[in-house]
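**Q** Test case, fold it:
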Amino acid sequence: MFGRLVDMSDSDRSLCPKKRVLRRDAQRNRDALIAVARSAFAQDGIDAPLESIAKRAGVAIGTLYRHFPTRIDVIEAIFAEKLAEWLAAAERGAAAEDAWEGFAGYLEDMCALQAGDRGFNDLASMRLPSSPEVERMRLRISVLSCAILDRAQRAGVVRPDLTPEDLAFLIWSQARITQATREIAPRAWRRHLALLLDGFRAERAHPLPEPAMTPGQVAQAMGALGGSSGCPG
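**A** Numbering: from 1, shown residues only. Below is the predicted model:
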């Protein structure tokens, strides 16, 4: 999600197709599938078995595939709302009056969205196939994330050698922390984030032993994580 990206013009953005109107029973089945899938993905990640989701929703697997031809279609239906919340958090961070509060508040909001939702952790951590609309949202989040970091660095409150690619590690580390602690200490991620934020402050900066990963390396790493999942089938 982080990277040095250029925003697209309105003319380049793909529009969402118009939703078709479903019969009442079909809408009921779709709503049940989404509710069950949301719970299953939060608990087990985006590789949760679709057959089990269909069974728990009380429909045949063929019904699931009529509504969602691929696993990616299920993922997009489940996480569209959370992606919108992530985008709203980035917009708040970029608009904050104080540069440090905008930076730290955005990272806290982002990590709060990850907490307790293994499926969203997967989505945030991996590079997966997606629709033009989801890619537009991801791109906008990435552009705003870079702007938030750049403003904090220009204000002298964030260490100058921190890169957008470094922040990908925050997503990856928080994913593992929340997965390991959610049943034991579900707020432990907040302590870890506070420790990291102290390390991000300009006055805490010391020379780092290794250079930052390049945008290409981060994309490769996210692709490797995505390749280890069951998507897009």
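**Q** by contact count, what packs against the helix or strand hosting residue 54?
**A** Under the criterion of DSSP states H and E, residue 54 resides in helix 50-57. Using 3 or more C-beta pairs under 8 Å, 6 or more residues apart in numbering; DSSP states H and E, the elements in contact with helix 50-57 are helix 24-44, helix 61-67, helix 71-95. Placement of C-beta: from N, CA and C, glycine included.
**Q** which residues sit against it?
**A** Residues outside helix 50-57 that contact it (C-beta atoms under 8 Å, 6 or more residues apart in numbering): 29, 32-33, 35-37, 40, 60-61, 63-64, 71, 74.
**Q** And the buried ones among those, selectable in ChimeraX?
**A** Only the buried members of these enter the following ChimeraX selection, criterion being 16 or more other C-beta atoms under 10 Å:
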select :29,32,33,36,37,40,63,64,71,74
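**Q** List just the nearest of the contacts of helix 50-57 to residue 210.
**A** For these, the minimum distance to residue 210 (C-beta to C-beta) is 35.6 Å, reached by residue 71.
**Q** Just want to check the distance between the closest one and residue 200.
**A** Separation of residue 71 from residue 200 (C-beta to C-beta, to the nearest Å): 35 Å.
**Q** Low-confidence stretches in this protein?
**A** Regions of the chain meeting the criterion pLDDT under 70 cover residues 1-22, 127-130, 225-233.
**Q** Looking at the helices and strands packed on helix 50-57, spot the one closest to residue 169.
**A** Using C-beta to C-beta, those put helix 71-95 closest to residue 169, at 17.6 Å.
**Q** For that closest one, which helices and strands make contact with it?
**A** helix 24-44, helix 50-57, helix 99-114, helix 118-125, helix 132-154.
**Q** the domain parsing of the chain - what is it?
**A** 23-69, 75-227 (automatic domain parsing).
**Q** sorry, back to before: and the helices and strands packed on helix 50-57: which comes nearest residue 179?
**A** Nearest to residue 179, of the helices and strands packed on helix 50-57 and by C-beta to C-beta, is helix 24-44 at 10.4 Å.
**Q** and the angle for that closest one with helix 71-95?
**A** 70 degrees (axes from the mean of the first three to the mean of the last three C-alpha atoms, to 10 degrees).
**Q** Pull the distance from helix 24-44 to the chain's centre.
**A** 20 Å (C-alpha atoms, centre = their mean, to the nearest Å).
**Q** What about residue 67, how many residues nearby?
**A** 18 (other C-beta atoms under 10 Å).
**Q** was I right about it contacting residue 30?
**A** Yes. Assessed by C-beta atoms under 8 Å, residue 67 is found in contact with residue 30 at 5.0 Å.
**Q** Overlap of the contact sets of the two?
**A** Contacts common to residue 67 and residue 30, judged by C-beta under 8 Å, 6+ apart, are absent.
**Q** Quick check: the gap between the residue nearest the centre of the chain and residue 166.
**A** Taking C-alpha atoms, centre = their mean, the centroid of the chain lies closest to residue 124, which sits 2.8 Å from it. Counting by C-beta to C-beta, the gap between residue 124 and residue 166 amounts to 15 Å.
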